[in-house]
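Colleague: return a 3D structure for these sequence lines:
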Amino acid sequence: MKFLTRSLWMFIRACTNLPARMKGASIGNGSMMRFPYDCLLVSLNGLKIGKNVSIGRRAWISLPSDSGTVSIGDGVSIGREVVIAC
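Modeller: A predicted model of the protein is given here:
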């Protein structure tokens, strides 16, 4: 049962991070961006998220430009509705 619960949790994390990964974000193992988040009209090539990071619902991370980067280290927890602007 424990294996099934862990596998289900890993599947949910992978599904919630998929849209950001498809837009170019680098996301470490064990990290999760909680829905809802919006990345439909932006490129996330400069976003680097470490391992075991939790980003809350409706958090907003602004990338400085197409050539800039935002790096979030390992083990960071960002609450919901937090704004990080560069």
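Colleague: for Gly46, which non-adjacent residue is closest in space?
Modeller: Nearest residue to Gly46 in three dimensions, chain neighbours excluded: Thr69, at 4.0 Å (CB to CB, 6 or more residues apart in numbering). Using the backbone N, CA and C atoms, a C-beta is placed for each residue, glycine as well.
Colleague: separation between the residue nearest to the spatial centre of the chain and Leu47?
Modeller: Centrality entry for the chain: nearest residue to the mean C-alpha point is Met33, 4.0 Å, by CA atoms, centre = their mean. Distance, Met33 to Leu47, using CB to CB, to the nearest Å: 10 Å.
Colleague: identify the contacts common to the two.
Modeller: Common contacts of Met33 and Leu47 (CB atoms under 8 Å, 6 or more residues apart in numbering): Ala20.
Colleague: now the element after the helix or strand bottoming out on mean pLDDT in the chain, going C-ward?
Modeller: Here the helix or strand of the chain ranked lowest by mean pLDDT, DSSP states H and E is helix 2-22, holding a mean of 79. Using DSSP states H and E, the helix or strand that follows helix 2-22 towards the C-terminus is strand 26-27.
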